[in-house]
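Visitor: with the input below, show me the fold.
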Amino acid sequence: MLFNSLGYLIFLPIVVLLFWSCPQRWRVPLLLVASYVFYMTWKPVYGLLILGLTLVNYLFGLAIARANSKRKLWLCTAVTTNLIILGVFKYAYFTVDMLNQTLAPWGKHLPALPFQIILPLGISFFVFEFIHYVTDVYKGGPVVKSFPSFALFASFFPTQIAGPIKRYQDFIPQLSEKLKFNPEWFDQGVNLILFGLFKKVLFADNLAVVVQSAFDHPELLSSLDMWLAVYAFAFQIYFDFSGYTDIARGSALLIGFKVPPNFNLPYLASSIAEFWHRWHISLSTWLRDYLFIPLGGSRGGRLFVYRNLFLTMLLGGLWHGASMHFLVWGAYQGILLILHREFQRLTDGVSWIKSSLKSPIGHVMSIVTTFHLVCIGWVFFRADTFAQSTAIISKLLCLGPMSQGMQTWSLSLPSTKDPVMFMLLPFILALLFAGQVLSNKLSKRERPLSFPKALQAAYVAAMIALLIVFTPDTSPRFIYFQF
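Guide: Here you go, the predicted model:
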């Protein structure tokens, strides 16, 4: 069941109505059943997998909390179990392919797997939340004794497929709050959902057609056209994933739950380090807390810290997908972070460089440079193969030979209403800005944020009208659903 599907449009109001109608003691079981129904509409059998994984980690948490001398052994067993499950479902084919490539010069190869493995939706997010839980219990955090509450932590339907990655210390206490229906929460939840659909359908889905045609035939594009296609993907993935997050946060807010924001205007970052503080925030903080710091963090020499940075981002890239181009994307991010730290170290005592970077022009140049470095990385992320990504990078940098059949490629939206969209573009961008302001304010406030009712009604009506007019013929599923 996709957020941008008719099924979800029916499912969500039913859950919200039942939630606010039933007594407090039935709300957790209701949400748990609803979350499993939501997940099992995709492939029912994998509901049993997630249930089994949830039960195992629940028991691991109890064992770690009760153990004295064997706490570390229980933790290692729990983390290893989660990684093995993730490895089997996500990396089995990738591992066999890599081993076959290694054995090929000797004329050897491994037999094909005797069974077909289908990657369960959201398993990477499930596993990361489980590892966070058992690790924090090991460090002295409170253990969750209620199995239904723990099961809901893992399966909560707004976040179960593509995050944000929750922290149980933030989520579990919300289950015991005696909430009363708040109309302002409802208004803001609906606004967030519409804003998420606005970004997904109006921007990401229309840009997706442009990106697909460009990446399918990069040989037909000039260097400038290829840059336009890469820019298009940069904004496609941002609108797609941040749109999902807004729908998730809005859906949770309809039933009184607060989900952390996952984006903070990442393309306004002035360095690659700042970019990772603004992009996929729940993942970057998870990688910091449960990978970079356990590896040693910054507690060592310069090369030791750089090694930790590189390994963290390399494994972060592999987490996104079992493919060489994701591995290269992670390595590229690690190298950029190392170069950023090295630049800071070398310019630490050079006052004129620091003052130049802090000036308005210097700050803008830093943002532009960071954005283009990120865009180059997106090529590795989006390309189907590593060979395709290197060909596109060569085209971007004008390093490859020009194709004799090259033609001018037109960057255009697939809609037949392009002139109308062009005339409405300032209005569309104003709605986008207003929605971003609302989203940012909601993430910084504990209490509901009120706006004049007439303004809210106009804002909602405008977004609905634009969604009806500019919805493309097909709406692909969210990009991060594959992870």
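
Visitor: for the one helix or strand Tyr244 maps to, packing partners?
Guide: According to DSSP states H and E, Tyr244 maps onto helix 223-254. Applying 3 or more C-beta pairs under 8 Å, 6 or more residues apart in numbering; DSSP states H and E, one finds that helix 223-254 makes contact with helix 6-21, helix 183-197, helix 205-216, helix 360-382, helix 386-396, helix 418-443. All C-beta atoms are positioned from the backbone trio N, CA, C, and that covers glycine.

Visitor: which one, of those helices, ends up nearest to Pro105?
Guide: helix 386-396 (19.2 Å; C-beta to C-beta).

Visitor: average pLDDT for stretch 345-357, rounded please.
Guide: Mean pLDDT, stretch 345-357: 82.

Visitor: could you do stretch 69-87 as well?
Guide: 91.

Visitor: try stretch 153-172
Guide: 89.

Visitor: try stretch 176-194
Guide: So the average pLDDT for stretch 176-194 ends up being 85.

Visitor: list the buried ones in that stretch?
Guide: For stretch 176-194, the neighbour count (16 or more other C-beta atoms under 10 Å) marks Trp185, Phe186, Asp187, Gln188, Gly189, Val190, Asn191, Leu192, Ile193, Leu194 as buried.

Visitor: same check, this time on stretch 54-71
Guide: Thr54, Asn57, Tyr58, Phe60, Gly61, Leu62, Ala63, Ile64, Ala65, Arg71.

Visitor: among the helices and strands packed on helix 223-254, which comes closest to Asp136?
Guide: helix 418-443 (22.7 Å).

Visitor: just to revisit the earlier point, want to throw the helices and strands packed on helix 223-254 into TSV with distance to His132?
Guide: TSV is the format used below for those (distance: least, C-beta to C-beta, whole Å):
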stretch	distance to His132
helix 6-21	26
helix 183-197	25
helix 205-216	32
helix 360-382	24
helix 386-396	31
helix 418-443	20
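
Visitor: now do the phi/psi pair for Gly300.
Guide: phi 180, psi -170 (degrees, to the nearest 10).

Visitor: if I look at it, what pLDDT would I see?
Guide: 82.

Visitor: quick one: contacts of the helix or strand containing Gly52?
Guide: According to DSSP H and E, Gly52 maps onto helix 45-66. By C-beta atoms under 8 Å, 6 or more residues apart in numbering, the surrounding residues in contact with helix 45-66 are 36, 39-40, 71, 74-75, 77-78, 81-82, 85, 118, 120-121, 123, 126-127, 130, 133-134, 137-138, 143-145, 147, 150-151, 154-155.

Visitor: which ones among those residues are found in helices?
Guide: Mapping the contacts of helix 45-66 onto helices (DSSP state H) picks out 36, 39-40, 71, 74-75, 77-78, 81-82, 85, 123, 126-127, 130, 133-134, 137-138, 147, 150-151, 154-155.

Visitor: circling back to that earlier point, for Asp170, find the nearest of the helices and strands packed on helix 223-254.
Guide: Using C-beta to C-beta, the nearest of the helices and strands packed on helix 223-254 to Asp170 is helix 418-443, at 13.0 Å.

Visitor: quick one: average pLDDT of that closest one?
Guide: 59.

Visitor: hmm, back to that, let me see the mean pLDDT of the helix holding Gly52.
Guide: On average, helix 45-66 scores 92.

Visitor: buried subset of the contacts of helix 45-66?
Guide: By 16+ other C-beta under 10 Å, the contacts of helix 45-66 give 36, 39-40, 71, 74-75, 78, 81-82, 85, 120-121, 123, 126-127, 130, 133-134, 137-138, 143-144, 150-151, 154-155 as buried.

Visitor: next, count neighbours for Leu83.
Guide: For Leu83, the neighbour count with other C-beta atoms under 10 Å is 13.

Visitor: with Phe215 instead?
Guide: 21.

Visitor: how about it: what's its closest non-neighbour residue?
Guide: Arg382 (6.2 Å; C-beta to C-beta, 6 or more residues apart in numbering).

Visitor: do I have it right that that neighbour meets Phe233?
Guide: Yes. With contact defined as C-beta atoms under 8 Å, Arg382 reaches Phe233; the gap is 5.2 Å.

Visitor: identify the contacts common to the two.
Guide: Common neighbours of Arg382 and Phe233 (C-beta under 8 Å, 6+ apart) are Val211, Phe215.

Visitor: who's in contact with Thr135?
Guide: So Thr135 contacts Leu75, Val79, Tyr290 (C-beta under 8 Å, 6+ apart).

Visitor: quick one: residues contacting the last one.
Guide: Under the criterion of C-beta under 8 Å, 6+ apart, the contact partners of Tyr290 comprise Phe128, Ile131, His132, Thr135.

Visitor: do that again at 7 Å, thanks
Guide: With contacts defined as C-beta atoms under 7 Å, 6 or more residues apart in numbering, Tyr290 is in contact with Ile131, His132, Thr135.

Visitor: any idea whether it is helix, strand or coil?
Guide: Per DSSP: H, G, I helix; E, B strand; the rest coil, the secondary structure class of Tyr290 is helix.

Visitor: any idea how far Phe203 is from Ala234?
Guide: Separation of Phe203 from Ala234 (C-beta to C-beta, to the nearest Å): 12 Å.

Visitor: hang on, I meant Met98
Guide: Distance from Met98 to Ala234, by C-beta to C-beta: 29 Å.

Visitor: those two - which one has more neighbours?
Guide: Ala234 (23 against 14).

Visitor: so the more buried one touches Gly377, yeah?
Guide: No. If you go by C-beta atoms under 7 Å, Ala234 and Gly377 don't touch, sitting 9.5 Å apart.

Visitor: how is this protein carved up into domains?
Guide: The record's domain split for the chain, according to automatic domain parsing, is 6-109+119-180, 184-470.

Visitor: just how off-centre is the first one within its chain?
Guide: When distances are taken as C-alpha atoms, centre = their mean, to the nearest Å, domain 6-109+119-180 is centred 16 Å away from the chain's centroid.

Visitor: now do the end-to-end distance for it.
Guide: Start-to-end span of domain 6-109+119-180 (C-alpha to C-alpha, to the nearest Å) is 28 Å.

Visitor: likewise for stretch 286-298?
Guide: 16 Å.

Visitor: please identify the buried residues of that stretch?
Guide: Trp286, Leu287, Tyr290, Leu291, Phe292, Leu295, Gly297.

Visitor: what about it, distance to the chain center?
Guide: The answer for stretch 286-298 is 19 Å, by C-alpha atoms, centre = their mean.

Visitor: list the contacts of the residue nearest to Thr159 when sequence neighbours are not counted.
Guide: Excluding the flanking residues, the one nearest Thr159 by C-beta to C-beta, 6+ apart is Ala248, at 5.3 Å. Contacts for Ala248 were tallied using C-beta under 7 Å, 6+ apart; they are Pro158, Thr159, Val259.

Visitor: which of those residues has the most neighbours?
Guide: Neighbour-wise, the contacts of Ala248 (other C-beta under 10 Å) top out at Thr159, 29 neighbours.
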